[in-house]
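Participant: Task: produce atomic coordinates for the following.
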Amino acid sequence: MKILEKEIALREETRALQQAKPQIKKEEFEKRVKSLQKTQSKLAGRTEDVIIDIKDLPDGEQQFAKEIQQLTRASEAMWDAEEILGNKDSGPKAIAAETEAIEWLLRAKRSKGGGGGGGSSPGEGNRTGKDTGVAALALMGESQEKNANTVEREVTQATGQTGDELPAEFRAGLDKYFEAIEKRNKK
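Facilitator: This next block holds a predicted model:
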């Protein structure tokens, strides 16, 4: 979903602007935050267009009621972020609103379709316990198998191990290296 990718990028730009705020001139900050506000407005409008397109599908409102509600919530959060950015605020409130929009977009993307309505707030989570321990951005991947489960596996330490398992050519090379250092130190 292109809107999701652009919303994530917008949030990162908002964070970067907030971090740079003390180092840039007020006029430059206001110019950049205005640009972020315009981008947020466009994304909110595109999300509303998607909602309209879904509703225009045959039985779209019934079949995709849950997704429509999630996208509507995402749009509301986007408009909140747009208003906050319009007040020249790129701080925690703007980032929180953008994050909420991302959460709703992720929920809509992960929905299975088939209607329902209802919905829950992003903080309520999945009550089935299936993916409640996974961060929302971890669910964003574009895999071929959307219902794939993560697999725990044992990973051995790759560095910091000691032992006599160096190949002979490495040992010979190290011996020559240390001999050269010792000769240099004796001079």
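
Participant: Would you map the strands across the protein?
Facilitator: For the chain, strands defined by DSSP state E do not occur.

Participant: any low-confidence regions in it?
Facilitator: Along the chain, segments meeting pLDDT under 70 span 112-152, 155-166, 187.

Participant: I'd like to know which elements the top helix by length along it is packed against.
Facilitator: With DSSP state H setting the assignment, residue counts place helix 26-56 as the longest helix in the chain. Helix 26-56 makes packing contacts with helix 2-20, helix 60-63, helix 65-86, helix 92-110 when contacts are defined by 3 or more C-beta pairs under 8 Å, 6 or more residues apart in numbering; DSSP states H and E. Every residue, glycine included, has its C-beta placed from N, CA and C.

Participant: List the buried residues in that helix.
Facilitator: Buried residues in helix 26-56, counted by 16 or more other C-beta atoms under 10 Å: 29, 32-33, 36-37, 39-41, 43-44, 46-48, 50-51, 54.

Participant: Adding mean neighbour count and distance to residue 153, write the helices and strands packed on helix 26-56 out as a markdown table.
Facilitator: Output for the helices and strands packed on helix 26-56, formatted as a markdown table (neighbours: other C-beta atoms under 10 Å; distance: least, C-beta to C-beta, whole Å):
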| stretch | mean neighbour count | distance to residue 153 |
| --- | --- | --- |
| helix 2-20 | 17 | 28 |
| helix 60-63 | 14 | 39 |
| helix 65-86 | 22 | 33 |
| helix 92-110 | 22 | 24 |
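
Participant: Quick one, which of the ones you listed gets closest to residue 171.
Facilitator: Taking C-beta to C-beta as the measure, the helices and strands packed on helix 26-56 were each checked against residue 171, and helix 2-20 came out nearest at 48.1 Å.

Participant: Show me what the closest one is packed up against.
Facilitator: helix 26-56, helix 92-110.

Participant: now those helices as a markdown table including distance to residue 72?
Facilitator: Shown next, in a markdown table, are the helices and strands packed on helix 2-20 (distance: least, C-beta to C-beta, whole Å):
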| stretch | distance to residue 72 |
| --- | --- |
| helix 26-56 | 6 |
| helix 92-110 | 8 |
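
Participant: Now do the longest helix of the chain against helix 2-20, angle only.
Facilitator: Helix 26-56 runs at 160 degrees relative to helix 2-20, counting by axes from the mean of the first three to the mean of the last three C-alpha atoms, to 10 degrees.
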